[in-house]
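[1] quick one: sequence plus predicted model below, questions after.
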Amino acid sequence: MKHHVLILDDEADVRAAIKLQLKDTHFDILEAENFEHAMNFLRENAITVDVIICDVRMPGVDGVEAVANFQREYPNTPVIVLTGFPDVDLAVDFMKKQDVTDYLTKPVDKEKLIAAVEKAAQDRRMFG
């Protein structure tokens, strides 16, 4: 069974790297370069997205605001936060207050990424 993962990151090379790391798995990768694009995609295809991977620092709507929106609009879709600027306080906030599935730092280890996405997809099956 294929699972759909939406990657929201303003950097095309990061999206490409994540897509490459998940290439030989059972995940189909969908990409959005900004929050508006991601929301448009979700509005049109919400039922098909099993996991969202969201960058923290992006122009326009940042990751904190994006995650809050995703969780309000799509509460059954797990969110994994991915950042190139690790911040312990922000990580704690995401994990406890915003209930994200995982908080990963760039460059992310392939096995760690796959494990996080697998867990999130499984959580989606249980609650979605």
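    Everything's here; your move. Numbering: from 1, shown residues only.

[2] nearest the geometric middle of this protein, what residue?
    Centroid-nearest residue in the chain: residue 53, 1.2 Å away (criterion: CA atoms, centre = their mean).

[3] what sits against that residue?
    With contacts taken as CB atoms under 8 Å, 6 or more residues apart in numbering, residue 53 has the following neighbours: 5, 6, 7, 8, 9, 18, 79, 80, 82, 117. Heads up, the C-betas are built off the backbone N, CA and C, glycines and all.

[4] that one in helix, strand or coil?
    For residue 53, the assignment made with DSSP: H, G, I helix; E, B strand; the rest coil gives strand.

[5] and what of residue 75?
    Secondary structure state of residue 75, per three-state DSSP, is coil.

[6] for it, give its distance to residue 84.
    According to CB to CB, to the nearest Å, residue 75 and residue 84 sit 27 Å apart.
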